[in-house]
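In: pasted the sequence and its predicted model underneath.
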Amino acid sequence: MAVVASDAAVRELIRSALRTEPVTVDLIQSAREFYAGCGLSRYALVLADWALSDSSALDFLREGRRLAPGARFVLMASDVPLSAIVEAVKDGADDVLQKPFRLEQLTSIVRRSLPSAGEPESAPSSAPPGAAAAVGSSPAWRDLLDRARRVAELSSTVLIRGETGSGKEVLARYIASCSRRAGKTFLAVNCSAMPETLVESELFGHEKGAFSGADTAHAGLFEEADGGTIFLDEIGTMPIQAQAKILRVLEERQVRRVGGSRNTPVDIRVLAATNLDIEAAIARREFREDLYYRLAVVTLWIPPLRKRVSDIEVLADYFLGQLTPPGEAPRSLSPAALAFLQSYPFPGNARELRHALEQAVIFSSGVELRPEDFSSLAARLEMLPGRRDPSESPADEQVTPERLLAALRSCGGNRVEAARSLRISRSTLYRLLKRISNGEEDDQETTLTSTP
């Protein structure tokens, strides 16, 4: 559970009161710290003080329930009007404890809220969109989130780069949730999905009569995001004509509607992302160099999923929690299925993993998913670039030491089962193990290519 209170004495008092209860108590001093940590922890119960230093109780309740929809929220109130308490309950508070309260009242709420009659909360496996979707356990992902939290403290423009499906919007939402604008408007704009003729109108707005069909004035997305964060996804696809206006917004923090004669100030944080080779686009004069440098005040690179294999298990648990139909037993991965997923290179990254799991959940006949439930991935392996012969074992060509060791761990050290899950022969597995033990592969990301 989480205890959110600006007063350190209150936090410590509650932890002391619950010392005999089988529950882990995380002490959090502000709403902002809670929003930032929500992506790494899943709470069954959030006990929050009404008087937080950086947020009103109702604002915290609304944003907290958005980030942690599965948690029970209990507010601790003192000298709060009854009308305010009623409003809090309407906004989703599960209970309101009037200070001073008895220890029995607190422990009763804790025992009712936590799973299995007070058992400790489990590790995070699911999270809603935004900060709580920033799921991962690998050192590379943890380091990325640490850098994201640091830049979130500032107002700097951030350019997020990474392959398609790697989680660029997830990281953008995480930054927004860790910033001073947490709880404010977050607008995600897919630049590649907007018709070229409407880009400027959508982003900057237009006045009545600005063009044929403009029957009314229209505020653009920059104005709508005033006070919050705007995320420009696939910024590399933006028409060159609109790029100059984006640059002006970044420099002046003002927008002028199409057909308008005055500038409107906007208070916004701009995040952008691309999976394109921006440097090559600049060389082709398809992207403005000055806009690139204005966007890339801070650049964050998301490593592809194949370079953070240990995140596959965590992400799979998260996605399966989302995909299991209501009322049905939660799906899980067999050790062999996990080993197979960890051996797959995932060119589509986390998005491809989710789609594969969704298909497996739909067509599987059991609660435990097995390698044969991922036939679509096995079929795609045959079509990936670099395949010499479709009859060869799909994983034979590209088995990294990290994937090999992960398969062995998942299969309890059983080499036969590990070879089967990786879809390689036992002789190939022994040869790769020998190469690792001889120190021939020091780089965990170096590809081991087997010989025929």
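Out: Sure, I can see it.
In: please, which helix or strand holds Arg142?
Out: Per DSSP states H and E, Arg142 falls inside helix 139-152.
In: and Leu203, that one's in a helix?
Out: Yes. For Leu203, which was evaluated using DSSP: H, G, I helix; E, B strand; the rest coil, the result is membership in a helix.
In: measure it to Lys245 for me?
Out: 8 Å (C-beta to C-beta, to the nearest Å). C-betas here are computed from N, CA, C, even on glycine.
In: of those two, which one has the most company?
Out: Set Leu203 next to Lys245 and count neighbours by other C-beta atoms under 10 Å: Leu203 wins out with 23 against 18.
In: who's in contact with that one?
Out: Contact partners of Leu203, counting by C-beta atoms under 8 Å, 6 or more residues apart in numbering, are 189, 220-222, 242, 245-246, 255.
In: same question for Arg262.
Out: Residues touching Arg262, when contacts are defined by C-beta under 8 Å, 6+ apart, comprise Arg256.
In: secondary structure element holding it?
Out: Here Arg262 sits in a region with no helix or strand, counting by DSSP H and E.
In: just the pLDDT for it.
Out: In this model, Arg262 is scored at 87, pLDDT.
In: same question, Leu13
Out: At Leu13 the predicted local confidence, pLDDT, stands at 85.
In: could you find the closest non-adjacent residue to the most far-flung residue of the chain relative to its centre?
Out: In terms of distance from the mean C-alpha position of the chain, Gly209 ranks first, at 41.3 Å (C-alpha atoms, centre = their mean). In this structure, Gly209 finds its nearest non-sequential neighbour in Gly259, 6.7 Å apart by C-beta to C-beta, 6 or more residues apart in numbering.
In: same check on Gly220?
Out: With C-beta to C-beta, 6+ apart as the measure, Gly205 is the residue that lies nearest to Gly220, at 3.3 Å, once sequence neighbours are left out.
In: what number of residues lie near the residue nearest to Gly209?
Out: If you count neighbours by other C-beta under 10 Å, Gly259 ends up with 15.
In: just the one 4 residues further on next, same as before
Out: Asn263: 14 surrounding residues under other C-beta under 10 Å.
In: swap in the one 3 residues further on?
Out: If you count neighbours by other C-beta under 10 Å, Val266 ends up with 20.
In: show me the helices in the stretch 101-250 of the chain, by range?
Out: With DSSP state H, counting those that start in this stretch applied, the stretch 101-250 of the chain shows helices at 103-113, 115-118, 139-152, 168-178, 199-204, 221-224, 240-252, listed in chain order.
In: worst mean pLDDT among the ones you listed?
Out: Mean pLDDT is lowest for helix 115-118 among the helices of the stretch 101-250 of the chain, at a mean of 41.
In: remind me which residues of this protein are low pLDDT?
Out: Along the chain, the parts satisfying pLDDT under 70 run over 36-42, 69, 113-133, 382-398, 437-452.
In: domain-wise, how is it divided?
Out: Taking automatic domain parsing as the domain assignment, the record places the domains of the chain at 2-118, 136-301, 306-437.
In: OK, contacts around the residue nearest to Met238 when sequence neighbours are not counted?
Out: Excluding its sequence neighbours, the residue lying closest to Met238 (C-beta to C-beta, 6+ apart) is Cys191, at 4.7 Å. Applying C-beta under 8 Å, 6+ apart to Cys191 gives the contacts 199, 232-235, 237-238.
In: ok, the contacts of Leu203 vs Glu286, which is closest?
Out: Relative to Glu286, the closest of those is Ala242; by C-beta to C-beta it sits at 12.6 Å.
In: what's the spacing between that closest one and Val189?
Out: Using C-beta to C-beta, we find Ala242 at a distance of 12 Å from Val189.
In: which of those two has more neighbours?
Out: When Ala242 and Val189 are compared on other C-beta under 10 Å, the one with more neighbours turns out to be Val189, at 21 against 17.
In: circling back: CSV for the contacts of Leu203, including distance to Ala182?
Out: As requested, these are arranged in CSV below (distance: C-beta to C-beta, whole Å):
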residue, distance to Ala182
Val189, 19
Gly220, 24
Leu221, 20
Phe222, 20
Ala242, 29
Lys245, 28
Ile246, 24
Val255, 24
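In: nearest to Asn275, of these?
Out: Of all these, the one with the least separation from Asn275 (C-beta to C-beta) is Val189, at 15.5 Å.
In: residue contacts, that closest one?
Out: Counting by C-beta under 8 Å, 6+ apart, Val189 touches 202-203, 221, 230-233.
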